[in-house]
Structure formats: C-alpha cells, structure tokens
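J.: Below is the sequence, then the predicted model.
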Amino acid sequence: PDGYDGYSYRECDGTQLSDVKMDKCVMKVPSNIHYGRSHYQLVKGTATTTGVPRYENIVQRWYVDPMTPLPAGLSINELTGEISGVPKDTSDVVDVIVYGENEKGAASTPLSISVRVGVCKAEGVFPVTDVDSLATYQCSMQGSYIGTQTRACVLGETDGVWQKASGYCMPVMMIVILVLVVIILSLIHISEPTRHAQIS
C-alpha cells in the first residue's frame, strides 16, 4: 500500500489462497511535511487554527519539540497535526519544530508563530487603534469645527471591530448663526411687551 516499502503476499495451501499478509511490508519514513504557511500571526484572545499539515507517507503521531513550545493557549492534535486554540498572551516570533513520526522514523518542519493584540483598522477620521482602547478625534482638526468624536475598539471574532462613534462635529459658522438667531429672537421677545404697553 501507499506509504510502505516491501511487498504483501498470499500463501497457497494447495486448495485456496490465504488472506493478504503484510509482514514483509515496512512503513516509509514520513517526508515533505509542511503547513499552509511558514509563519502564522495570531490575535490574542481569538480562536485560531493552522489547519492540518500536508505530508507524504504515513504519520502515526504528531508532536512539537519540547525545547520549542507553542505559545500559551495553543496545542497540537497528536492525530492530525493541527495546531489550534486561543492564544492567551502576546509574543514575539516563536520558532517551533513540528514532528510527524511513525514506527520507522520521523520528519520535521519548522514553523514560526507570533501573537499580537487585536487592532481596528483605520476608518474615516479614526486611526489604527488597539483593542480595548478608545480613539478620540478632535473636530478642530477638520478646520473650522468644534466638538469631539470618540469610538471604542473591541475584540471581534478574528480581530478588532469598531463600535458606533459618539459625539459630533459642528461647524463654527453654524454656532455663530445659532447665537445670532437666539439674540434676534430675544430682542423680538423683549420688544413685544413694550409695544403692547404703548398701545394700551
């Protein structure tokens, strides 16, 4: 069969053939192990997976070299080689070595993994912002405006997501017009009783 060297056979006892015997078959050593990428950048607090690796021949057990452990929160499936979990802490690039082995021997592949804080991408007037942070925008940066807008960045399913913005920006000219309207209305209101008094 695939993944074996040697040969299988059936014995004839004079009247019929035996079942297939494979004691002359020997597993080939695993080879050409590789994941979809050589480097995975993961986001702290989100469920993630590398998917299962590709390889040639037969792998009976997967494991990570204990000298190069996975970031906290991640583990390797001994049957499939898939690395998955929820990273608990941020980390710089960690170089790990993954092994696939069978009764004949083992092969390995290097893999690098880093874990970062989730971020919300720049959107409109709001810049790139870390998860659990509040982005503040001073309206005066637009020119003749006053006010402040804020927007929270929270952790989503795979990365940061923006919450709805609060606050508003108002043109200075609009404020001036509103003040003038209020003054004019106040003057009209004051002059009305005086005119009524003169008529009576």
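T.: Yep, that arrived. All values derive from a computational prediction rather than experimental measurement. Numbering: from 1, shown residues only.

J.: Show the contacting residues for residue 97.
T.: Residues counted as contacts of residue 97 (Cβ atoms under 8 Å, 6 or more residues apart in numbering) are 64-65, 67-68, 108-111. Quick note: C-beta positions are derived from backbone N, CA and C, even for glycine.

J.: Show me which pair in these is furthest apart.
T.: Spatial extent of these (Cβ to Cβ) is set by the pair 67 and 109 at 15.4 Å.

J.: between those two, who's got more neighbours?
T.: Taking other Cβ atoms under 10 Å, residue 67 and residue 109 do not tie; residue 109 has more neighbours (18 against 7).

J.: How much space separates the more buried one from residue 124?
T.: 43 Å (Cβ to Cβ, to the nearest Å).

J.: can you check residue 114 too?
T.: Taking Cβ to Cβ as the measure, residue 114 falls 29 Å from residue 124.

J.: and what of residue 67?
T.: Residue 67 is 47 Å from residue 124, by Cβ to Cβ.

J.: Now name the helix or strand holding the one residue sitting closest to the centre of the chain.
T.: Residue closest to the mean C-alpha point of the chain, counted by Cα atoms, centre = their mean, is residue 158 at 3.7 Å. Applying DSSP states H and E as the criterion places residue 158 outside every helix and strand.

J.: Please name the residues that touch it.
T.: So residue 158 contacts 43, 46 (Cβ under 8 Å, 6+ apart).

J.: What's the separation between it and residue 89?
T.: 18 Å.

J.: ditto for residue 154
T.: Residue 154 is 19 Å from residue 89, by Cβ to Cβ.

J.: now swap in residue 95 and tell me
T.: 17 Å.

J.: ditto for residue 20
T.: From residue 20 over to residue 89 (counting by Cβ to Cβ), the distance is 52 Å.

J.: again, but for residue 71
T.: 7 Å.

J.: Over to residue 141?
T.: With Cβ to Cβ as the criterion, residue 141 and residue 89 are 35 Å apart.

J.: And residue 168, by the same measure?
T.: 38 Å.

J.: Let me see the ranges of the helices in this structure.
T.: For the chain, the helices defined by DSSP state H occupy 172-199.

J.: Could you list the low-confidence segments of the chain?
T.: Within the chain, the ranges that satisfy pLDDT under 70 run 172-179, 184, 191-200.
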